[in-house]
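Colleague: Turn this into a structure:
(2 chains)
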Amino acid sequence: MITGFASLHIRPDYVKKLQEQEITEPSPIQMDAIPPILEGKDVVAQSQTGTGKTLAYCLPLLHKVDENAREVQALVLVPTRELGMQIVHTLDQLVKDSGIRVQQLIGGASIERQIDKLKLKPQIVVGTPGRVQELVKLRKLKLTGIRTVVVDEVDQVFELGSMQDVEALFKGMLKERQLLFFSATLPAPIQNVIDRWMNDPHYVRVNPEQRTAETLEHQYYVCQERDKIDMLRRLVRHYNPKGAIVFINETDDIGEAVAKLQYVGLSVEGLYGDSFKQERARAMQGFRAGRFQLLLATDVAARGLDLPQVTHVFNLDPAIDADHYVHRVGRTGRMGRKGTAISIITPREQFIIDKFAKTLGITIQRREMSHGRVIDPEQERTIRHEARKPSAGATGRVRPAEPAGEKREGAAGSEEVRETKTSSGVRSEGLAGKKQAAVSSFTAKPKTAGQQPSVDKRKVERDRDRKNKGAPRWLKAKQDQSGKPRA
DNA sequence: AAAAAAC
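Modeller: Predicted coordinates:
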């Protein structure tokens, strides 16, 4: 019996390359999306973060391109440069020793070099909309040979700002091209884009009601705004994540937050869209290589990035909306692995968390830090209540144990810990905290060279731009949505 | 209440 990727008609040489990466069984989205893509249908595919969407389109792309034809036949559009690089890496591993060439066409990098590389006639290009459109305008990239277009994170790519670039690209292509839209989130307005550009679209939706992975645990902690950094420091000390992404809403706040976190001894690097190419590369490569523990980032890092060492996601600012929350927390808990998403909020931000929980149909559990211990306030009340009952006296005392599920290499419980798990009813309490604190798990990794990210340099320019632009774009986008009649 | 994406 034929099983695995072979049953999806994936060629043996690719199956072998996948096996080398220990990928043996197709995920549900791969099972469902690969056949219609191979058949040539326009496909809209939705499944949770970290469920293998990238391979669901990359594998069929490799079958579709003719490696003997020396022209660009497939285009993958992505919202950020980092995601573009990641996808190129994924493809590169698969096309090794084959005649297929992949070229990234992203902003920030030297356009001259990309023009040179295009002369080598890659069959597949991966890029951000602005740069791809730029190369088309310069007549360095021909769209006429393109038979398949993937728009990854389609809901973001079609936001105002890159929408016009993408539509210009679509207009420049042959009618016969196959379109593939992918995302974990497909807000209603995307339907307009689908209706406008796709022919008889085939919808593939895996578990659409469950927008976040089941392996994700959602928590939140409440403190004052000024205490957020210290709260984060204590949480990192407690959970000691192998790697964590810390999200912050505004670029302008990154530099100061990085400095503060470094000051309290955390190993952190900042990443945001306006950082220089070298800074972005240093942050991403350093984080991927495990050279620092925390990546402090704007939503530039919210989508698509696959960083296996990320065990925790922290929201130092609450996400802008539920979809942003989905993508942010989706940087962990990927491919069946466990992950923890922790939002640090002020009392005034409580309603945002409540709204996310309701919209997404998930439970976001409240936790508290008390003298370095993690407490589930709900559970705590129950325990106290039970303790007062005479019959509960014997069970009132809890046996000492390892911090539940959080123990990992190099993560000797640094602080006294009590963790409660409402779902399983398991309760454990670490009492050795004081002693272990002396040993301290906080093997503070060396600070990264201490350079301040150079945010200020561009702040002036940005502020000037903003003044000239009038209403912010996100507001304009909202107005457009409401005011426009459906086509 | 924003970020991203072109030079």
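Colleague: Check which helices and strands the host helix or strand of A:Leu55 sits against.
Modeller: Using DSSP states H and E, A:Leu55 sits in helix A:53-64. Counting contacts by 3 or more CB pairs under 8 Å, 6 or more residues apart in numbering; DSSP states H and E, helix A:53-64 packs against helix A:12-20, helix A:28-39, strand A:43-46, strand A:74-77, helix A:81-95, strand A:148-152, strand A:178-183. Quick note: C-beta positions are derived from backbone N, CA and C, even for glycine.
Colleague: How far does it sit from its chain's centre?
Modeller: When distances are taken as CA atoms, centre = their mean, to the nearest Å, helix A:53-64 is centred 20 Å away from the chain's centroid.
Colleague: CA atoms only: put it into CSV for me.
Modeller: Extracted in CSV, the C-alpha atoms of helix A:53-64 (Å, rounded to 0.1, in the frame of the first residue of the first chain):
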residue,chain,number,x,y,z
LYS,A,53,1.0,25.1,4.9
THR,A,54,4.4,26.0,3.4
LEU,A,55,5.1,22.5,2.2
ALA,A,56,1.5,22.2,1.2
TYR,A,57,2.2,24.6,-1.7
CYS,A,58,5.9,24.2,-2.1
LEU,A,59,5.8,20.5,-3.0
PRO,A,60,3.2,20.8,-5.8
LEU,A,61,5.1,23.9,-7.1
LEU,A,62,8.1,21.7,-7.6
HIS,A,63,6.0,19.3,-9.7
LYS,A,64,4.5,22.1,-11.7
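Colleague: Would you mind listing what in chain A touches DNA strand B?
Modeller: Taking CB under 7 Å from any atom of the strand, the part of chain A that reaches DNA strand B is made up of A:79-82, A:106-109, A:111, A:127-134, A:137, A:156, A:159-162, A:249-252, A:272-274, A:298-300, A:320-321, A:324, A:472-474, A:477.
Colleague: ok, A:Glu67 to DNA strand B distance?
Modeller: 27 Å (CB to the nearest atom of the strand, to the nearest Å).
Colleague: That residue: what's its closest spatial neighbour, skipping adjacent residues?
Modeller: Closest residue in space to A:Glu67, ignoring its immediate chain neighbours: A:Gly99 at 3.7 Å, by CB to CB, 6 or more residues apart in numbering.
Colleague: ditto for A:Lys228
Modeller: Closest residue to A:Lys228 apart from its sequence neighbours, by CB to CB, 6+ apart: A:Ile344 at 5.2 Å.
Colleague: can I assume that neighbour sits in a helix?
Modeller: No. Assigned with DSSP: H, G, I helix; E, B strand; the rest coil, A:Ile344 falls outside any helix and is strand.
Colleague: per-domain residue ranges of chain A.
Modeller: Domains of chain A are assigned by automatic domain parsing as A:4-205, A:216-439.
Colleague: These: lowest mean pLDDT?
Modeller: Of all the domains of chain A, domain A:216-439 carries the lowest average pLDDT, namely a mean of 81.
Colleague: Could you list which residues are in contact with A:His324?
Modeller: By CB atoms under 8 Å, 6 or more residues apart in numbering, the residues touching A:His324 are A:Asp299, A:Ala302.
Colleague: Try it again at 10 Å.
Modeller: Contact analysis of A:His324 by CB atoms under 10 Å, 6 or more residues apart in numbering lists A:Gln156, A:Thr185, A:Phe247, A:Asn249, A:Asp299, A:Ala302, A:Arg303, A:Asn315, A:Pro318, A:Phe356.
Colleague: In strands, which of those fall?
Modeller: Using DSSP state E, A:Phe247, A:Asn315 are the members of the contacts of A:His324 that sit in strands.
Colleague: I'd like to know how many residues surround A:Leu271.
Modeller: 24 (other CB atoms under 10 Å).
Colleague: for A:Gly243, same thing?
Modeller: Neighbours of A:Gly243 (other CB under 10 Å): 19.
Colleague: Over to it: give its phi and psi.
Modeller: phi -150, psi 150 (degrees, to the nearest 10).
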